[in-house]
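Enquirer: Got a predicted structure here, sequence first:
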Amino acid sequence: MPIAEKCSGQTAKQNTASTVRRKGRNRGGRVGLIKNGKIGFIFCVCTGKCPGFAQLDIWDFINIIRNEYPVEYGFIHPMLCDEDGERFLEEFLKKGNRYIVAGCAPVMQKKLFRDAFEKTGLDINKDLVPLDVRNMKLEEALNAVKNALKEAGRDV
Ligand code: SF4
């Protein structure tokens, strides 16, 4: 059985059709919003085994954000503060964009990501929006992201 059918109970064709519908709706809603730089969303899950995220359905969280919120994209990274995470950030970050990173404490994130932001010409105090979503349930974590997007001038 194709993976798409096993995962959702839909056929691959149905999956593709619903993805296209969702993307179309979201793009339509986002076009006017993202003018002065893009906002990307990264969820750092501390290997995926951290008890701090035990209450949160990480897949519902990321899928709601990437599908329904005014961000360019959303994805999960297992450990941004490890060596490969730092290499990833240096490859990935782009001047002119802002990044909401959901994970550990903001003060910790600023320490851990400072070098990568500096190397890519970004200002950690303006271009990183760090959110602590540990020990939160889904609704709480989504509200934290919504508030951050509102503060960044996004209509959510
Ligand atoms: S950056 Fe923070 S949330 Fe991510 S792995 Fe490191 S300590 Fe955990």
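Expert: Sure, I can see it.

Enquirer: how about the residues of this protein near the ligand?
Expert: Residues of the chain lying close to the ligand by Cβ under 6 Å from any ligand atom are 44, 46, 79-81, 103-104, 108-109, 112. All C-beta atoms are positioned from the backbone trio N, CA, C, and that covers glycine.

Enquirer: before we move on, which element is residue 144 in?
Expert: For residue 144, the element it lies in under DSSP states H and E is helix 138-151.

Enquirer: what comes into contact with that helix?
Expert: If you take Cβ atoms under 8 Å, 6 or more residues apart in numbering as the criterion, helix 138-151 is touched by 39, 41, 56-57, 60-61, 64-65, 69-71, 100, 102, 129, 131-133, 136, 156.

Enquirer: where exactly do the helices run in this structure?
Expert: In the chain, the helices defined using DSSP state H lie at 3-8, 12-30, 58-68, 83-92, 106-119, 124-127, 138-151.

Enquirer: For the shortest one, output the C-alpha coordinates as PDB.
Expert: Which is helix 124-127. Listed next in PDB are the C-alpha coordinates belonging to helix 124-127 (Å, rounded to 0.1, in the frame of the first residue of the first chain):
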ATOM      1  CA  ILE A 124      19.900  38.300  16.900                       C
ATOM      2  CA  ASN A 125      17.900  40.900  18.800                       C
ATOM      3  CA  LYS A 126      15.700  41.800  15.800                       C
ATOM      4  CA  ASP A 127      15.800  38.900  13.400                       C
END
